[in-house]
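Q: Got a predicted model here, sequence first, then my questions.
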Amino acid sequence: MNKTGGRSAVRVIRLLEPEAPGRPMQAMGDASSSIAWPEPVGSARDSAAGELDTQPCAPEWPRAPREHLKRAEVTEWPVTFRAEAADYAPHWWRQAGRTVLTLGLYAPWAHRHNRRFFLQHTFVAGRRFDHEQPVATEVVRYGLWLSAALGVLAAEGGAPLAGALALSLVWLVWPLWLGVVHAQTVGALRWGRRPLVFHAPWWRVYRQMSPWVVLGLGLTWLAWWLHGPAAQHAWATPALALAGVMAVALAPLALWRWWACRQWHLGIGPLKLTWRGSVADVYLLVARVGLWGLALALVGASIHALAQGAWALLVQRGMPEGVQWALAMALSCAWGALVWPYAQGHAQNLVWQNTGCRYLRFRSRLNVMAYVALRARHSLWLLGTLGLAWPWVAVAARRMRLEAVTVVARVDPADLRAAWRDPALPRQAMH
């Protein structure tokens, strides 16, 4: 049953004082509800910046679209997801069956069809999304992943030096591959037949991802050296552990650089978005997820100890190694099923809550703990049905995440589409 009937595509809000940004607004037809228009991301009075911000706002892209985009009444465009599990289940079973029958060779086509299904049932301001990426791109992407993985595994099995060289090559090529893949993915997205754009040159992506490259190369060759020429030294293992701790400490900084690069170069028609998330925000996110994971790990360790004590009390002997292994695996899977949605929900709120420009900005109000509870129930459903409940699980999770996002805009959607100078028309309509 469609649960989105109560969400209107656009909600119009009248500005009380257009000349005073940041003043309260009141919804038409609802005198009791009021919201405050958030200052444009990157503007001089952006509330996210605290005091008066001297950073200039990123220019709209292409340059100066003011003759196309006029300031209009402030509107909210809720993201609506109109897919039903009963429609997705036959589609998913077909794709899964073809993938199994072809021993995984059909995976690029299956991934493409599943992604298009979800996007074609996602609407903003009454317009659906779509994805028109050629399947050849998916095939090349899967081929590169597979060849890199096989090359590293083969080299590792043959000689440590060859494995280190292969892994170093992966680290050097990875940022370029990541930027190209993201540009192709975003460029294939359509909203109302208009394409989105990821406008960042390869060298800028490489520069943003350079800390990851340097860190990966350093850890790779340090591991080779400590397990090879320096393996006899007593300080080899502590040195490698110290390097791992440093890598974990610097990982949030690298994650912030990628998010900043991705959001700052996202083009929506004539608009270029900006991102106001800070390095401290990402470190706080990682710390929050780490504490949540640590608390769950302590609970899991307590359950494991209680299970061992109960087994010894009832059976009068120690727990067999196979049972211990199975219990540890079950607790590890439960830990991952609770930690991953927690991190995913907080990351969505952080990234999209700080994304926008002078004409529009995003709001993400995902209830993280409700999302974690939903995913926990989904894990039990998948376990009880041996994975056959995946279509219902995927649709419910996607609906909860998407419908937590709202676009707050100062531009009419028709004006935005009119200013989109290169509409992506279907091939049959171009003649």
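A: All right, it came through fine.
Q: What residues does P391 make contact with?
A: For P391, the contact set (C-beta atoms under 8 Å, 6 or more residues apart in numbering) comprises A85, Y88, A89, H91, W92, W93. (C-beta placed from N, C-alpha, C; glycine too.)
Q: Which of these lies at the shortest distance from R288?
A: A85 (31.5 Å; C-beta to C-beta).
Q: could you check the distance from that closest one over to H113?
A: 16 Å (C-beta to C-beta, to the nearest Å).
Q: now do G269
A: 27 Å.
Q: Which one's more surrounded, these two?
A: Neighbours were tallied for G269 and for H113 using other C-beta atoms under 10 Å; the higher tally belongs to G269 (28 against 17).
Q: Contacts only, for the residue lying closest to the more buried one once chain neighbours are set aside.
A: Among residues not flanking G269 along the chain, W420 sits closest, at 3.9 Å (C-beta to C-beta, 6 or more residues apart in numbering). Taking C-beta under 8 Å, 6+ apart as the criterion, W420 is in contact with R194, G269, P270.
Q: Tell me which of those residues fall in strands.
A: Residues of those located in strands (DSSP state E): R194.
Q: Between the contacts of W420, which sits nearest R375?
A: When those are compared against R375 (criterion: C-beta to C-beta), the nearest one is R194, at 33.0 Å.
Q: isn't the closest one right up against A418?
A: No - between R194 and A418 there is no contact, the gap being 10.2 Å when judged by C-beta atoms under 8 Å.
Q: Which one of these two is surrounded by more residues?
A: Remark: of R194 and A418, R194 carries more neighbours, 19 against 14, as counted by other C-beta under 10 Å.
Q: Dig out what the more buried one forms beta bridges with.
A: Beta-bridge partners of R194, counted by DSSP bridges, are W191.
Q: Could you check how far it is from R127?
A: Taken as C-beta to C-beta, the span from R194 to R127 is 8 Å.
Q: which residues are in contact with both of these two?
A: R417.
Q: ok, which stretches of the stretch 51-200 of the chain are helices?
A: With DSSP state H, counting those that start in this stretch, the ranges of helices along the stretch 51-200 of the chain come out as 85-101, 107-120, 135-158, 160-187.
Q: whoops, I mixed them up, the stretch 201-350 of the chain
A: 202-208, 210-226, 236-264, 279-315, 321-353.
Q: Nearest to A183, out of those?
A: Once the helices of the stretch 201-350 of the chain are compared by C-beta to C-beta, helix 202-208 is nearest, at 8.5 Å.
Q: buried stuff in that closest one?
A: V205, Y206, Q208 (16 or more other C-beta atoms under 10 Å).
Q: Just put the residues you listed in a markdown table and tack on pLDDT and distance to L176.
A: Output for the buried residues of helix 202-208, formatted as a markdown table (pLDDT from 0 to 100; distance: C-beta to C-beta, whole Å):
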| residue | pLDDT | distance to L176 |
| --- | --- | --- |
| V205 | 84 | 7 |
| Y206 | 85 | 6 |
| Q208 | 84 | 12 |
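Q: Can I get these in TSV including distance to P78?
A: Formatted as TSV, the buried residues of helix 202-208 follow (distance: C-beta to C-beta, whole Å):
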residue	distance to P78
V205	32
Y206	37
Q208	32
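Q: Closest to W259 out of the residues you listed?
A: Once C-beta to C-beta is applied, the member of the buried residues of helix 202-208 that ends up nearest W259 is Q208, at 9.6 Å.
Q: Please determine how far L388 is located from L382.
A: 8 Å.
Q: So which of these two has more stuff around it?
A: Higher neighbour count among L388 and L382: L382, with 16 against 13, using other C-beta under 10 Å.
Q: State the helix or strand in which that one lies.
A: Using DSSP states H and E, L382 sits within helix 368-384.
Q: Output the longest strand belonging to this protein.
A: The chain, longest strand under DSSP E: strand 74-81.
Q: how about Y106, phi and psi?
A: The phi/psi pair for Y106 (degrees, to the nearest 10) reads phi -90, psi 0.
Q: That one: what's it in contact with?
A: Q95, R98, T99.
Q: Also G300?
A: L331, S332, A334, W335.
Q: out of those residues, which one sits closest to T185?
A: W335 (30.2 Å).
Q: looking at it, the closest one is touching L296, isn't it?
A: Yes - when contacts are counted by C-beta under 8 Å, W335 is listed as touching L296 (5.3 Å).
Q: So between those two, which is more surrounded?
A: L296 (18 against 15).
Q: dump the residue contacts of that one.
A: W335, L338, V339.
Q: before we move on, could you check phi and psi at R276?
A: phi -110, psi 10.
Q: so what's the closest residue to it other than its chain neighbours scoring on pLDDT?
A: Spatial nearest neighbour of R276, excluding adjacent residues (C-beta to C-beta, 6+ apart): N354 at 4.4 Å. Looking at N354, its pLDDT is 94.
Q: just checking, N354 touches L285?
A: No - with contact defined as C-beta under 8 Å, N354 does not count as touching L285 (11.6 Å).
Q: tell me, what's touching these two both at once?
A: Common neighbours of N354 and L285 (C-beta under 8 Å, 6+ apart) do not exist.
Q: L291: neighbour count?
A: 10.
Q: Could you check how far it is from G300?
A: From L291 to G300 the distance is 15 Å (C-beta to C-beta).
Q: now do A247
A: Distance from A247 to G300, by C-beta to C-beta: 25 Å.
Q: same check, this time on P201
A: For P201, the distance to G300 - C-beta to C-beta - is 46 Å.
Q: how far out from the middle of the chain is stretch 134-143?
A: Relative to the mean C-alpha coordinate of its chain, stretch 134-143 is positioned 20 Å out (C-alpha atoms, centre = their mean, to the nearest Å).
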